[in-house]
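A.B. asks: can you look at this prediction? I've put the sequence above it.
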2 protein chains.
Amino acid sequence: MTKNAPKRAWGTAIQNRDEQFEMKRQVVLRTAARTYSKRGFHETTLAEIAEELNISKPTLYYYFRSKDDILFECHRIAIEAITDDATPLPGPDEANGRERLEEFLKRYVRMVVDDFGTCLVMTGVSALEPENQGTVVEGRRRINDALVDILEDGRKDGTLQCDSPKVTAMFIFGAMNWLPQWYHSDGSLGVEEVTAQLIGFVMAGIETSGSLSPDS
Amino acid sequence: MTKNAPKRAWGTAIQNRDEQFEMKRQVVLRTAARTYSKRGFHETTLAEIAEELNISKPTLYYYFRSKDDILFECHRIAIEAITDDATPLPGPDEANGRERLEEFLKRYVRMVVDDFGTCLVMTGVSALEPENQGTVVEGRRRINDALVDILEDGRKDGTLQCDSPKVTAMFIFGAMNWLPQWYHSDGSLGVEEVTAQLIGFVMAGIETSGSLSPDS
DNA sequence: TGAATATTCGACTCATGAGTCGAATACGAG
DNA sequence: CTCGTATTCGACTCATGAGTCGAATATTCA
């Protein structure tokens, strides 16, 4: 129908122009994400990023439109990582609330511990230009809604217990979004362990009574 | 010993110069804290803050040394609010771990919901100049240690249960520090309610088994 | 090989916003 | 009232860092 397969010499090991272009873009993004996270968006200059890569500042502009554009891409990648993963989250008919919650947490932690996810939660949304801000906020909202849905479903099917899914979701996101502030993958604690502990913490808090009656 | 009491006309209702000076400083700080939190530190210009107060930019410099200085003061106030409160946190001999944890959470939430506390947790530490950064980080560390201590003591006296106080503390701080991101005191949910829910959530997660064994 | 195109960079421009200066004005004490 | 000091601000300076331009240089393909 369309073009026939590339069929190139040297197999796939040696990249062609387009692939190199894409690779370089990715490298810039990762470097930027890491630096933005570590030093803060505004504290990072494009000159620094360029220097770290041993290229010049104008070269960055060959691959991206602007500094904000780079940040936006980082956020977009992070959001996409959960929003439309190759393997979508199990639906209400495939697993119960508890199981779905656990799966969600696993994914979210994995995302948040990655360079782009870390960038997403560490550089606030306020650095982005207004138009992109909307997109990111929208993405975050979708993720938020997904968790709330899970909590509500879990309450219905009796596998989870919390009196306010919205508030509970916020607590959970808080705990998870704080992860990059203290967790460093090179430390003694592995991602698996942290995830397990977080899940344990959340599950324990959510399987028994989820609230105290306010005493005033 | 020293000077005799002021004994001024009009009582305390009308302020003298020094008091006015101090008041104006406070007003600037609050306004700045709110704006820094809402729009981000770097997105906020001193001109804006001045305009909001119907004063001029140079006037701000009559009260503060620099933009960072203002931010630093906000952080300092927030940290002081818990660190050395008039009524110090109960010690291990006055209350058990569980009770102390509850008290700690109440205070922390109260702090974090206030303008300065919100500013502390929303504007990262990276905006501050390096020297002040140290002070703030140190303050945060003290607060962190306080919670870890409580968790450890609670484990010893059997009123709390978590297998890693450090990690657990991080989860808790995460949940609390996220509060300003979604909680608005003018909404339908009161501070008391949120605090109660948070306490309930944390307590539930911490009184029963605090972890799952990692399955891989 | 050489023309066309993709990639890179040195050397700029330029807007922004923090911070300063010196002059004006308000205020309190004698 | 008048002097000295506290307070305020209009009109600057100035460093910084994002973003641009046009000229090299590299690469591909015929």
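C.D. replies: Sure thing, it's come through. Numbers count the residues shown, from 1 in each chain, chains lettered A, B, ... in the order given.

A.B. asks: now residue A:44: how far from residue A:132?
C.D. replies: Distance of residue A:44 to residue A:132, computed by Cβ to Cβ, to the nearest Å: 17 Å. Just so you know, the C-beta spots here come from the backbone N, C-alpha and C atoms, and that holds for glycine as well.

A.B. asks: neighbour count for these two, which is higher?
C.D. replies: Between residue A:44 and residue A:132, counted using other Cβ atoms under 10 Å in any protein chain shown, the more crowded position is residue A:44 (21 against 18).

A.B. asks: packing partners of the lengthiest helix in chain A?
C.D. replies: Secondary structure of chain A per DSSP state H: the longest helix is helix A:130-156. Here helix A:130-156 touches helix A:67-83, helix A:97-113, helix A:165-177, going by 3 or more Cβ pairs under 8 Å, 6 or more residues apart in numbering or on different chains; DSSP states H and E.

A.B. asks: what does the first one contact?
C.D. replies: The contact list for helix A:67-83, computed with Cβ atoms under 8 Å, 6 or more residues apart in numbering or on different chains, reads A:28-29, A:32-33, A:36, A:41, A:46, A:60, A:64, A:107-108, A:111, A:114-117, A:119-120, A:123, A:127-129, A:132, A:135-136, A:139-140, A:142-143.

A.B. asks: same thing but 6 Å
C.D. replies: Outside helix A:67-83, the residues within contact range by Cβ atoms under 6 Å, 6 or more residues apart in numbering or on different chains are A:29, A:32-33, A:46, A:64, A:107, A:111, A:116-117, A:119-120, A:128-129, A:132, A:136, A:139, A:142-143.

A.B. asks: mind checking the end-to-end distance for stretch A:172-186?
C.D. replies: End-to-end span of stretch A:172-186 (Cα to Cα, to the nearest Å): 24 Å.

A.B. asks: is it in proximity to chain B?
C.D. replies: Yes: contact of stretch A:172-186 with chain B (Cβ under 6 Å from any Cβ of the partner chain) involves A:174-175, A:178, A:182.

A.B. asks: got a quick ChimeraX command for the buried subset of those residues?
C.D. replies: Buried subset of the residues of stretch A:172-186 next to chain B, written as a ChimeraX selection, criterion 16 or more other Cβ atoms under 10 Å in any protein chain shown:
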select /A:174,175,178,182
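
A.B. asks: as CSV, the residues of stretch A:172-186 next to chain B with distance to DNA strand D would be great.
C.D. replies: Shown next, in CSV, are the residues of stretch A:172-186 next to chain B (distance: Cβ to the nearest atom of the strand, whole Å):
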residue, distance to DNA strand D
A:174, 30
A:175, 32
A:178, 27
A:182, 27
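
A.B. asks: of the residues of stretch A:172-186 next to chain B, just say which sits nearest to residue B:159.
C.D. replies: Using Cβ to Cβ, residue A:175 is the member of those that sits closest to residue B:159, with 21.7 Å.

A.B. asks: tell me how far that closest one lies from residue A:92.
C.D. replies: Taking Cβ to Cβ, one finds residue A:175 at 24 Å from residue A:92.

A.B. asks: same check, this time on residue A:188
C.D. replies: Distance, residue A:188 to residue A:92, using Cβ to Cβ: 38 Å.

A.B. asks: more neighbours: which of these two?
C.D. replies: Using other Cβ under 10 Å, the more surrounded residue of residue A:188 and residue A:92 is residue A:92, with 15 against 6.

A.B. asks: nearest residue to the more buried one other than its sequence neighbours?
C.D. replies: Computed as Cβ to Cβ, 6 or more residues apart in numbering or on different chains, the closest residue to residue A:92 that is not its neighbour in sequence is residue A:153, at 5.2 Å.

A.B. asks: tell me, how many neighbours does the one you found end up with?
C.D. replies: Count around residue A:153 with other Cβ under 10 Å applied: 20.

A.B. asks: what of the one 3 residues further on?
C.D. replies: By other Cβ under 10 Å, 12 other residues sit near residue A:156.

A.B. asks: ok now do it, which residues does it touch?
C.D. replies: Contacts of residue A:156 (Cβ under 6 Å, 6+ apart): none.

A.B. asks: quick check, pLDDT for the residue at minimal distance from the centre of chain A.
C.D. replies: Central residue of chain A (Cα atoms, centre = their mean): residue A:117, 3.2 Å from the mean position. We have a pLDDT of 98 for residue A:117.

A.B. asks: for the nearest residue to it once chain neighbours are set aside, what are its contacts?
C.D. replies: Distances taken as Cβ to Cβ, 6+ apart place residue A:111 nearest to residue A:117, at 4.0 Å, with adjacent residues excluded. Residues near residue A:111 by Cβ under 6 Å, 6+ apart: A:81-82, A:117.

A.B. asks: if we only consider the residues you listed, which is nearest to DNA strand D?
C.D. replies: residue A:117 (22.6 Å; Cβ to the nearest atom of the strand).

A.B. asks: thinking again about what came up before, could you dump the helices and strands packed on helix A:130-156 to a markdown table with distance to residue A:51 and mean pLDDT?
C.D. replies: Output for the helices and strands packed on helix A:130-156, formatted as a markdown table (distance: least, Cβ to Cβ, whole Å; pLDDT from 0 to 100):
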| stretch | distance to residue A:51 | mean pLDDT |
| --- | --- | --- |
| helix A:67-83 | 15 | 96 |
| helix A:97-113 | 27 | 95 |
| helix A:165-177 | 30 | 97 |
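
A.B. asks: mind putting those helices in JSON lines, distance to residue A:15 included?
C.D. replies: Below are these laid out as JSON lines (distance: least, Cβ to Cβ, whole Å):
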{"stretch": "helix A:67-83", "distance to residue A:15": "20"}
{"stretch": "helix A:97-113", "distance to residue A:15": "27"}
{"stretch": "helix A:165-177", "distance to residue A:15": "36"}
